[in-house]
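A.B. asks: Got a predicted model here, sequence first, then my questions.
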Amino acid sequence: MFWKKYKWHRAASKEEELILNKHGICVVEIEQKKICVAKSGSQWFAFAYHCPHAGGLMNEGYLDGAGNISCPVHGYKFSLKTGASKFPEGYCIKTFKIELKPDGVYIGL
Ligand code: FES
């Protein structure tokens with residue numbers, strides 16, 4: 001069995017430091033890479049800043065109550081958990097591990 005090893009990066013020292021925009025999304029920068037972070041229900045998710053279809057900025061996207069993010073450009077919808085698209089073209093957005101630890105919010109690359 002293959003176990004992926006993650007390099008964990010602290011994105012914030014506590015949840016409250018993650019200032020969400022009007023779309024409920026914030027952007028953190030790790031290793032010069034922008035990553036979107038959002039909360040759906042009680043769970044945090046991390047996903048790519050650019051849409052895999054045509055580069056739309058996902059921090060301007062729309063969260064639904066079912067754990068999905070829609071791109072603001074053409075409306076493709078992706079699962080926050082798996083990154084899979086609900087559309088038949090097969091686009092998939094990159095998702096990242098995110099964990100709350102006693103000393104902060106960590107994202108695994
Ligand atoms: S750029 Fe995101 S759906 Fe087209």
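C.D. replies: Right, received. Where do you want to start?
A.B. asks: Return, as residue ranges, the portions of the chain with sub-threshold pLDDT.
C.D. replies: 1 (pLDDT under 70).
A.B. asks: Would you mind naming what in it lies close to the ligand?
C.D. replies: Counting by Cβ under 6 Å from any ligand atom, the residues of the chain lying close to the ligand are Cys51, His53, Ala54, Gly55, Gly56, Cys71, Val73, His74, Tyr76. All C-beta spots, glycine's among them, are computed from the backbone N, C-alpha and C.
A.B. asks: cutoff 8 Å now
C.D. replies: For the chain, the contact set with the ligand under Cβ under 8 Å from any ligand atom comprises 51-56, 58, 71-76, 91.
A.B. asks: which of the residues you listed count as buried?
C.D. replies: With neighbours counted using 16 or more other Cβ atoms under 10 Å, these contain these buried positions: Cys51, Pro52, His53, Gly56, Met58, Cys71, Tyr76, Tyr91.
A.B. asks: Now secondary structure too, for the residues you listed, in JSON lines please.
C.D. replies: As requested, these are exported to JSON lines (DSSP: H, G, I helix; E, B strand; the rest coil):
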{"residue": "Cys51", "secondary structure": "coil"}
{"residue": "Pro52", "secondary structure": "coil"}
{"residue": "His53", "secondary structure": "coil"}
{"residue": "Gly56", "secondary structure": "coil"}
{"residue": "Met58", "secondary structure": "helix"}
{"residue": "Cys71", "secondary structure": "coil"}
{"residue": "Tyr76", "secondary structure": "coil"}
{"residue": "Tyr91", "secondary structure": "coil"}
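A.B. asks: Show me which pair in those residues is furthest apart.
C.D. replies: Distance extremes for those: the farthest pair is Met58 and Tyr91 at 12.2 Å, using Cβ to Cβ.
A.B. asks: between those two, what contacts are shared?
C.D. replies: Cys51 (Cβ atoms under 8 Å, 6 or more residues apart in numbering).
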